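1. Quick one, fold the following:
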Amino acid sequence: MSALRDALRDLPDAVFADLLESDDGYVLVVDLPGATAETTEVLAEDGRIVIEGRRDKGVPEGFRYVREDRPLFLDAELPLPGDADGSGADAEMDRGVLEVTIPKRTGDASRTIPVDDADEDDA
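-> A predicted model of the protein is given here:
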């Protein structure tokens, strides 16, 4: 899990994230103010979680930016802990807070692969 913890430290200073762990899984909580479920995409692939969050920033009529420090988007790739099952992950957005629940693998990840007799297939 240290790779994920290190990756969270490397997020931009404006991004706040928490990582929680239980016996059954992990919960990653990321603050994405202004983002919605429609403007946020979470993808689990190749042992990592990819988060793309976007938000709209409107400028009131007659105003212009003098200073702009709030980013419009977050693109983050975070490694999953070795015992995490990304294929079973769920995500939920509530008022700009993204919560990604990632279960831990249960049991042995190995499986027996049946071996067929080639002669029987030809019959």
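2. show me the contacts for the nearest residue to residue 26 once chain neighbours are set aside.
-> Nearest residue to residue 26, sequence neighbours excluded (Cβ to Cβ, 6 or more residues apart in numbering): residue 102, at 4.6 Å. Every residue, glycine included, has its C-beta placed from N, CA and C. By Cβ atoms under 8 Å, 6 or more residues apart in numbering, the residues touching residue 102 are 25-28, 44, 49, 80, 84-86, 88-89.
3. mind running it again at 10 Å?
-> With contact taken as Cβ atoms under 10 Å, 6 or more residues apart in numbering, residue 102 is in contact with 4, 21, 25-28, 44, 49, 80-81, 83-91.
4. element containing it?
-> Using DSSP states H and E, residue 102 falls within strand 97-103.
5. Only the buried residues of that strand, if you could.
-> In terms of neighbour count (16 or more other Cβ atoms under 10 Å), strand 97-103 has its buried residues at 98, 100-103.
6. what do you get for stretch 20-35?
-> Along stretch 20-35, these residues count as buried under the neighbour rule (16+ other Cβ under 10 Å): 25-26, 28, 30-32, 35.
7. Counting only helices, which of those make the cut?
-> Among the buried residues of stretch 20-35, no member is found in helices (DSSP state H).
8. Let me have those residues in JSON lines, extended by pLDDT and distance to residue 75.
-> Converted to JSON lines, these look like this (pLDDT from 0 to 100; distance: Cβ to Cβ, whole Å):
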{"residue": "25", "pLDDT": "94", "distance to residue 75": "24"}
{"residue": "26", "pLDDT": "94", "distance to residue 75": "21"}
{"residue": "28", "pLDDT": "93", "distance to residue 75": "15"}
{"residue": "30", "pLDDT": "91", "distance to residue 75": "12"}
{"residue": "31", "pLDDT": "89", "distance to residue 75": "15"}
{"residue": "32", "pLDDT": "87", "distance to residue 75": "12"}
{"residue": "35", "pLDDT": "88", "distance to residue 75": "12"}
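9. Among those, which ones are in strands?
-> 25-26, 28, 30-31, 35 (DSSP state E).
10. Show me which pair in these is furthest apart.
-> By the measure Cβ to Cβ, 25 and 35 form the most distant pair in these, at 23.3 Å.
11. Packing partners of the longest helix along the chain?
-> Counting by DSSP H, the longest helix found in the chain is helix 2-9. Secondary-structure packing of helix 2-9 (3 or more Cβ pairs under 10 Å, 6 or more residues apart in numbering; DSSP states H and E): strand 17-21, strand 25-31, strand 48-55, strand 73-79.
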